[in-house]
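Enquirer: Curious how this folds, go ahead:
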Amino acid sequence: MFFDNLVIHHNKGHLLEEDQYYPFGLKMAGISDQALPVVPNNYLYNGKELQQNEFSDGTGLEEYDYGFRGYDPQLGRFTEQDPLTDEFATVSPYQYALNDPVANIDKDGLAGIPLAGVTITAQTIHRMLAFSSFTSSIIGAVSQYGTAVSAISTVVHVAQIGGIVIDAVGVTESVGKQVMGPEDWYLNNKTTQISWINGSGERTGYTDLGRNLDFIFTSYIDKTYDGPQIWNVEGNKLTSIINVTADEDANGNLLSVSVKSSPPIIGETDNIPLFKGRNYFPGSGSKQNGKIDISNSKKFSSEYVQHASVPRFEAWGLSLLGYDIPDVAQKLDLRLSGNVLHIAASTDIFPSATLKVNDITLFHYEQPSFIGTFGEDPSFIDTSPSGVQMIPRAPKPTFYIRYSK
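Expert: Model prediction:
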């Protein structure tokens, strides 16, 4: 097969927009250029969305949305405190990129990240023209994030300005993906707050939880149980599983989150199927339980509630012995705000309970004495004309917060 008349055309596209910035993000007037007509582009400095014209009179805050905080380029400062203030006690909680935007970047408003290892001199670029895999990743990154048509000419041109690449946020992120990996959920080891942070892998002071979260809420009777025990009552009584799945774009930015609860697992006394508990608590109404089923949400607030109790014949036996039955109850509140996942977990007074996320314990609650909590008071009350009866000691079903972040 021959291609004697093969002709290749290369039509260069028009430059639609060119933006020049001062180091802290303020646009340079008179140098930047934008062709008309063009679709409005609000993703400007460092690829962040500029919040503008949100008021009815056409004005706006003129802040960049960094995910965790808003950034004001006129001040060169964030307008809210750093959620990681305790981790950076020596700098202002409003600082941007550790006050050095040439040497550092700030991906999401949490912390400045050094550009060390990605700052490239012109001499280094010329040595990479053999198109190694690293060279290809650099050129591919510049092609994606640069403003010029030719990726190679962009690298060389920028390098010749002072001999060093200083506008390399996109390049840094693209090449750094191979080292840092995609974004993940992270657990702050000090505060136990869970957030979506740039870069997977090991981070000082944090535990990488991965892209998806599996919450396992377990209520169980432990070996300290001191109540009547014809059978072995120790073990899990109620287990709830809630899955949180994250969806991200090609750059690792959090797009949406899906949350789904699985059917609860009700325990059996002494592992006997006939002694399986009930998935409700008598007297709490027909709508006492609530599941979670959220798909592709950018912002949500949801509540999972589940009650359980001993089987009828076991409740009857406890009553004959002078004991009330406990409300084995769980409540898990999840709220997504920006890149932060807020969590609140509650249980009733009995039995013991734990909440884990990806096998990491968020809280552990130990049950009180069964006899001291669910027995009957030795005193009586007058219920004339029917006679007298013992005063119930058990508290009314109530949720007590065990964990909140």
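Enquirer: Against Val244, how distant is Ser302?
Expert: According to CB to CB, to the nearest Å, Ser302 stands 10 Å off from Val244. Quick note: C-beta positions are derived from backbone N, CA and C, even for glycine.
Enquirer: Please identify which of the two sits among more neighbours.
Expert: The neighbour comparison of Ser302 against Val244 (other CB atoms under 10 Å) goes to Val244, with 22 against 18.
Enquirer: Common neighbours of Ser302 and Val244, please.
Expert: With contacts taken as CB atoms under 8 Å, 6 or more residues apart in numbering, Ser302 and Val244 have 259, 334 as neighbours in common.
Enquirer: Wasn't Gly67 part of a strand?
Expert: No: assigned with DSSP: H, G, I helix; E, B strand; the rest coil, Gly67 falls outside any strand and is coil.
Enquirer: what about the residue lying closest to it once chain neighbours are set aside, how many neighbours?
Expert: When the adjacent residues along the chain are set aside, Gly67 lies closest to Asp108, with 4.0 Å between them (CB to CB, 6 or more residues apart in numbering). Asp108 has 21 neighbours, counted by other CB under 10 Å.
Enquirer: What does Asp108 show for phi and psi?
Expert: The phi and psi values for Asp108, taken as degrees, to the nearest 10, are phi -140, psi 10.
Enquirer: same check, this time on Gly277
Expert: Torsion angles, degrees, to the nearest 10, at Gly277: phi -70, psi 170.
Enquirer: That one is in contact with Asp270, isn't it?
Expert: No: using CB atoms under 8 Å, Gly277 is not in contact with Asp270; the gap is 11.9 Å.
Enquirer: more neighbours, these two?
Expert: Shown here are Gly277 and Asp270; by other CB under 10 Å, Gly277 has more neighbours (19 against 13).
Enquirer: Now do the same contact list for that one.
Expert: 237-238, 266-269, 308-311, 328.
Enquirer: Kindly report the same for Arg402.
Expert: Neighbours of Arg402 in contact, by CB under 8 Å, 6+ apart: 345-347, 353, 355, 363, 365.
Enquirer: at 6 Å instead, please
Expert: By CB atoms under 6 Å, 6 or more residues apart in numbering, the contact set of Arg402 is 345, 347, 363, 365.
Enquirer: Report how many residues lie close to Ala250.
Expert: Using other CB under 10 Å, Ala250 has 9 neighbouring residues.
Enquirer: For it, give me phi and psi.
Expert: The phi and psi values for Ala250, taken as degrees, to the nearest 10, are phi -60, psi -20.
Enquirer: the strands in the stretch 151-300 of the chain, which residues?
Expert: With DSSP state E, counting those that start in this stretch, the ranges of strands along the stretch 151-300 of the chain come out as 184-188, 194-197, 206-210, 213-221, 235-248, 254-261, 265-266, 293-297, 300-308.
Enquirer: what separates Leu332 from Leu355, distance-wise?
Expert: Distance of Leu332 to Leu355, given as CB to CB: 7 Å.
Enquirer: tell me, what's touching the two both at once?
Expert: Joint contacts of Leu332 and Leu355 (CB under 6 Å, 6+ apart) are 217, 345.
Enquirer: who has more neighbours, the two?
Expert: Shown here are Leu332 and Leu355; by other CB under 10 Å, Leu355 has more neighbours (24 against 21).
Enquirer: Please consider this matter closed, and thank you.
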